Each structure stands twice: as structure tokens, then as C-alpha cells.
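Trainee: requesting a structural model of the entry that follows:
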Amino acid sequence: MELDFRKLYVTKLFDFSKNDEELIFEIYEQLSALYDISVVDIENSPYSKFKSQDINFLQEPKLCYRITTKSKTITFYLFIVNLVGTSIRGARMTDKYDSLEVWGLKEINEDFGFISINKKKLADRIAGIFSSSTINSKENKDFKDFYVLGSDPSKTMAFLGPERKEIIKSIVDEDFKIEIKNSIVGLRIPKALSLENALIISKFLEEI
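Mentor: Reported below is the predicted structural model:
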């Protein structure tokens, strides 16, 4: 069911700080200028098919945006996600929101199994922990700065065609995390909620 975004101020935004509320509205308004956007119930998104006990990619989404290009040809989803702090023993520290992030999901037409992609860091290179990868390094010299894991090497290679590799390399924030689960592509930038990150994720999901 599509929801009236302005009514969410009472029904869904009451726990956010005033600054968070203003930022959420700003993100909505800016995305509205570029896409057709609506707020939908999370169960009407790919979230339940992507989430699993083994992969802690989406933690506690509070808002879900269903976004469609103006041409009506591409649809994807952005989530305002609550990251809850924990104590040393793993107990929840507070009922308040510790931090918010924006993450995105998109359903595609082909099943690629499980794939994980992130940018290599200098410390990772020094430690040598990226010495093995599911992609053939000789055939993917243009993608050597990325760490790739996949459940099926042939499906991983199929996903990483030239166009997709260029889209991934164009992500301006180097801390991103891409995960593909079957026919759902997810992108997370593990930093505080911002308009810039919402636009980065939207551009990636539109193009991938």
C-alpha cells in the first residue's frame, strides 16, 4: 500500500530527531525532482527476500522509498536504516536511534547467486588478505582494485560485464559494499545518512 509521505511525520517519524526529520524530508524532495518516488510499506519491497540470518546487510529499516525513473522503465528501493548500538555483552544500549544510513535494493532479471564486492583498502593490500578472488585476475586487470567473492565463479564473471564494472568503478565513495543475492542487488554506504549518499545509491541502482 502506498503511503502519504507527509502523514508519516506523525506515524513513522516521531522517534527521529528534528534534524533527522528535516534531512529525511530534504532527501525525499530532492529525489522527487529526479524520479517518481513514493513511500511504501517495507513488506512491499524486496527486503524480506534479501534479508537472511547469515547476511547482516539490512538491519532495521524504518522507511522504504519505492523509486521509479521518469520513463517508468526502472524501479528500485531506498531504505532509511536504523543502526542500533550494543553494549559489550550485545545488549541493546538504548531505545533511541544511534545512527541512520541509507541503503538500496533493486531486483534484476537474472539469478547470480551470492556475490560480494568492495573496494580494496591500503591496509588490505599490505596484509595480503585480497590475494584470492572468484574472478580471474588475468581477465580482469581493469578490476584489480576490488575484492570480489561469489558462490558461483561463472555467475560472478557473468555479472561483472564491462558495463557493470564501469558503473561500480564510478561509485565515488570508496567505503561502499555491494551484495547480490540471487536476483537482488544491494548497495550500502556505511556512513551517516546524507543526501549525497542517497543520490550515489540511486544513480548506481538506476544504472546497474
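Trainee: you'd agree residue 76 is up against residue 103?
Mentor: No: under the criterion of CB atoms under 8 Å, residue 76 is not in contact with residue 103, lying 11.1 Å apart. No exception for glycine: its C-beta is placed from N, CA and C like everyone else's.
Trainee: where does the spatially most central residue of the chain sit: helix, strand or coil?
Mentor: Geometric centre of the chain, nearest residue: residue 187, 2.6 Å, by CA atoms, centre = their mean. Three-state assignment for residue 187 (DSSP: H, G, I helix; E, B strand; the rest coil): strand.
Trainee: for the one 10 residues further on, same thing?
Mentor: For residue 197, the secondary structure call by three-state DSSP comes out as helix.
Trainee: and stretch 198-208, what's buried?
Mentor: Neighbour counts over stretch 198-208 (16 or more other CB atoms under 10 Å) mark 198-206, 208 as buried.
Trainee: what's in contact with it?
Mentor: 27, 30-31, 34-35, 67, 69, 74, 76, 78, 102-106, 108, 164, 167-168, 171-173, 176, 185, 187, 189 (CB atoms under 8 Å, 6 or more residues apart in numbering).
Trainee: again, only using 7 Å
Mentor: 27, 31, 67, 69, 74, 76, 78, 102, 104, 106, 164, 167, 171-173, 185, 187, 189 (CB atoms under 7 Å, 6 or more residues apart in numbering).
Trainee: what is the rounded mean pLDDT of it?
Mentor: For stretch 198-208, mean pLDDT rounds to 96.
Trainee: ok, back up a step: mind checking which of the buried residues of stretch 198-208 are in strands?
Mentor: With strands taken from DSSP state E, there is no overlap with the buried residues of stretch 198-208.
Trainee: JSON lines please, covering these and showing distance to residue 39.
Mentor: Formatted as JSON lines, the buried residues of stretch 198-208 follow (distance: CB to CB, whole Å):
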{"residue": "198", "distance to residue 39": "14"}
{"residue": "199", "distance to residue 39": "18"}
{"residue": "200", "distance to residue 39": "20"}
{"residue": "201", "distance to residue 39": "16"}
{"residue": "202", "distance to residue 39": "15"}
{"residue": "203", "distance to residue 39": "20"}
{"residue": "204", "distance to residue 39": "21"}
{"residue": "205", "distance to residue 39": "17"}
{"residue": "206", "distance to residue 39": "19"}
{"residue": "208", "distance to residue 39": "23"}
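Trainee: nearest to residue 17 among those residues?
Mentor: Relative to residue 17, the closest of these is residue 198; by CB to CB it sits at 17.7 Å.
Trainee: roughly how far apart are the closest one and residue 26?
Mentor: 9 Å (CB to CB, to the nearest Å).
Trainee: now do the shared contacts for these two.
Mentor: Contacts common to residue 198 and residue 26, judged by CB under 7 Å, 6+ apart, are absent.
Trainee: in contact with the residue nearest to the centre of the chain, which residues?
Mentor: Contacts of residue 187 by CB under 7 Å, 6+ apart are 103-104, 176, 178, 201, 204-205.
Trainee: picking that back up, type out the PyMOL command that picks the buried ones from the contacts of stretch 198-208.
Mentor: Buried residues within these, by 16+ other CB under 10 Å, are selected in PyMOL with:
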select buried, resi 27+31+67+76+78+102+104+106+164+167+171+185+187+189
